[in-house]
Structures are given as structure tokens and as C-alpha cells.
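Peer 1: Below is the sequence, then the predicted model.
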Amino acid sequence: MNDGNDIPVIGGKSFTAVAINCAAKAGEWIKTKLGNHTSLSIKHSAQDLVTEVDKGAETMIRNLVGTHFPHHSFLGEEGVEPGPEASTKALQSVQDAEYLWIVDPVDGTTNFVHGFPYFSVSIALAYRGEVIVGVVYDPMRDELFVAEKGKGAYVRGRRMAVSGETTLRESLLATGFPADPHYAQPLNMKQLQAIAPQVRNIRSAGSAALHMAYVASGRLSGFWEIGLNSWDLAAGALLVKESGGTVTDVQGNDYHLGVRHVVASNGRMHDEFVTALQRAEAGN
Ligand code: 2AM
Ligand code: CA
């Protein structure tokens, strides 16, 4: 096969096979580094961390993707300057690419640094701005979540389906606590305070990609978070959609690569969920 540019590529593999291979390989390596990373840098703020493991894993994935698909574009968290403006600009510069790989080498870096065993590798491939392959790999549990557009989503070789809860009252939700103290954090606190009494309970485990994978697999009814980047969400969004769920922004608009404030759910209580978040934001 070739990669769409009529130049044959040696050792041709499907997009999904390459995504799985990259996630598994990087994930296994990251796992060996748990508790052994040697450098820790602060990016945007004391909450925004990066280690040599994030950078090494991204390089590994970039090289592997480049070997199979040398003409594809690549957007990885560690190749972008910290902060929301740089992320938005970086996405804008590549989002019209024919094929774009969107990679978070370690989603949940804070957990990784502290030895809290909940982090993932997130790899998505978008074709003309639409995600067509999504893989999220949890190396600690050796769980690989994979979705192909139109072909469903799978974990451990079994087709995934979202959960059945139809109301917020019976829902188990997750959120992420944002670092940005000016906008995202106060808004998230408002939402948390308003939503908590309306639901069964709320979790916050620290990897957006894995939270999305848990919505897809029915372990969570829904997830929301403010101020994320395309690499945190692209793979997970396809997992949720291909498992029968719904992904929007906090206004209820359909997911696209530029969404930063995300709401994902089993779809059955999505409207109630979005309405509750909007009410919380408006303070009523
Ligand atoms: P990361 O570990 O790849 O940075 C946890 O709430 C989620 O927020 C994780 O997916 C984490 O991804 C992301 N995150 C952590 N710090 C962040 C920051 N400063 N800005 C944006 N997202 C962040
Ligand atoms: Ca990361």
C-alpha cells in the first residue's frame, strides 16, 4: 500500500496497525521508566510538567510514523510551546493537512511523575480534519483501546459500548482539575459544585484520554474538562463516538479538533449534562 501520495512505502502497514504499534511500543518503554525518570522540567506553570520520557516517547512515535508515512503531518504535545495560544496556533498550522497524526506521548504526566499509575499514550490520525483512527494505551493495565471511523471501537479485542444510564442522577462522571487559575480552574470548581449533588459520584484520575476511553467502554457515564488540547482528546473522541456515545463542547456543539472544553457521555443523558454545566457557568 502507499500513503496516498503515490510513493510506495516499504513495509506497508495499515494506519491502525501503525497507531497500535506506536502506542504499544511507547507505552511499554514509558512503563519501564516509571519511578526512574531523571529530568523534570516545568513548562507553563508548576502544574505543567515534562520529563525526558515525554520527549523520548514522542520522538519514538514520530520516527515510527515517519518511517511508514513520510508525507503525513505530525502534531505532538512536546513539539509545541506551552500554553493555549501556542497550541491553538500549532493546530491551525496543520489542521488542513491531508493526513495528520495527533499525539500525546504521555497523557497524565503529573501522575507519571508522582508514580500514580494512571496515564496513557494517545495517538489519533485525522484525514482532512476528521479523526479516522484513535488509539489510547494504558501500559499499567496493558489495555489498548482502538477505534476506526465507521468500524467500531475495541478493547482487549472486544467491541466497546457506552453505559446505559439515562439520567445524571444515576451517572458516574469524571472531570479534570485544570491548572489555569484565571479561567479554567474557577469555572471547573463552579461546575463541580453544581454537578456533584446531581450525580451518583465524580472521579478525577488525571488522564483525559483515559477518561474518554472509560466513557467509551462504559466504565464512566460521562466526562467533562475545561482547557484541553487536541492531543488530549482526538483519539478519545473517536473511541467514544464509535462506542455509541456523544462528544461535544460545553455549548453542545459537535466535537472537532479545535474543541478545548469537552463534554463526552454515553449520549443518553448528554443534553441534561450539558444543560447542568451551562447552568453552573451562568450561576443558576
Ligand atoms: P498531560 O498530562 O498530557 O499534560 C488532566 O486533567 C488532563 O489535563 C491531562 O489530560 C493532562 O494532559 C492535561 N493537562 C495537564 N496540565 C495541563 C495544562 N497546563 N494545560 C492543559 N492541559 C493540561
Ligand atoms: Ca502529555
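Peer 2: The structure has been received and is ready for your questions. Ligands and ions are numbered 1, 2, ... in the order given.
Peer 1: Which single residue of the stretch 151-284 of the chain ends up nearest ligand 2?
Peer 2: The stretch 151-284 of the chain approaches ligand 2 most closely through W231 (7.0 Å), counting by CB to the ion. In short, each C-beta sits where N, CA and C put it, glycine included.
Peer 1: Show me what from this structure comes close to ligand 1.
Peer 2: Within reach of ligand 1 by CB under 6 Å from any ligand atom, the chain has these residues: 44, 47-48, 77, 104, 107-109, 176-177, 179, 206-208, 225, 227-229, 232.
Peer 1: Narrow those residues to just the buried residues.
Peer 2: Buried by 16 or more other CB atoms under 10 Å: 77, 104, 107-109, 176, 179, 206-208, 225, 227-229, 232, out of those.
Peer 1: Name the strands paired with the helix or strand of the chain with the lowest mean pLDDT and say parallel or antiparallel.
Peer 2: Lowest by mean pLDDT, DSSP states H and E among the helices and strands of the chain is strand 49-51, with a mean of 81. Looking at strand 49-51 with DSSP bridges, its partner strands are strand 40-42 (antiparallel).
Peer 1: residues in the stretch 101-250 of the chain within reach of ligand 2, list them.
Peer 2: Proximity of the stretch 101-250 of the chain to ligand 2, by CB under 5 Å from the ion, involves residues D104, V106, T109.
Peer 1: Of those, which belong to strands?
Peer 2: Applying DSSP state E to those, the entries found in strands are D104, V106.
Peer 1: CSV for the residues of the stretch 101-250 of the chain next to ligand 2, including pLDDT and distance to T16?
Peer 2: Output for these, formatted as CSV (pLDDT from 0 to 100; distance: CB to CB, whole Å):
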residue, pLDDT, distance to T16
D104, 98, 18
V106, 97, 21
T109, 95, 26
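Peer 1: what does stretch 240-249 rub up against?
Peer 2: Stretch 240-249 has contacts (CB atoms under 8 Å, 6 or more residues apart in numbering) with 134, 147-153, 160-162, 212, 215-218, 233, 237, 254-255, 259-267, 270, 274.
Peer 1: Report the buried members of those.
Peer 2: For the contacts of stretch 240-249, buried by 16+ other CB under 10 Å: 134, 147-149, 153, 160-162, 212, 215-218, 233, 237, 255, 259-267, 270, 274.
Peer 1: Just the ones in helices from these, please.
Peer 2: Taking DSSP state H as the definition of helices, the buried ones among the contacts of stretch 240-249 contribute M212, V215, A216, L233, A237, H270, V274.
Peer 1: Just flag the most distant two among these.
Peer 2: A216 and V274 (18.5 Å; CB to CB).
Peer 1: Now the stretch 151-284 of the chain against ligand 1: closest residue?
Peer 2: In the stretch 151-284 of the chain, no residue comes nearer to ligand 1 than G176, which is 2.6 Å away by CB to the nearest ligand atom.
Peer 1: thought that residue was touching A209?
Peer 2: No. Assessed by CB atoms under 8 Å, G176 is found out of contact with A209, at 10.7 Å.
Peer 1: Measure how buried D271 is and give me the count.
Peer 2: By other CB atoms under 10 Å, 13 other residues sit near D271.
Peer 1: quick one: which of the ones in helices among the buried ones among the contacts of stretch 240-249 is nearest to S73?
Peer 2: Taking CB to CB as the measure, S73 lies nearest L233 of these, at 17.7 Å.
Peer 1: for the closest one, what are its contacts?
Peer 2: A208, A209, M212, V247, Y255, V259, V262.
Peer 1: As a markdown table, these with distance to H71 and pLDDT would be great.
Peer 2: Below are those laid out as a markdown table (distance: CB to CB, whole Å; pLDDT from 0 to 100):
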| residue | distance to H71 | pLDDT |
| --- | --- | --- |
| A208 | 29 | 98 |
| A209 | 26 | 98 |
| M212 | 29 | 99 |
| V247 | 29 | 99 |
| Y255 | 26 | 98 |
| V259 | 27 | 98 |
| V262 | 30 | 98 |
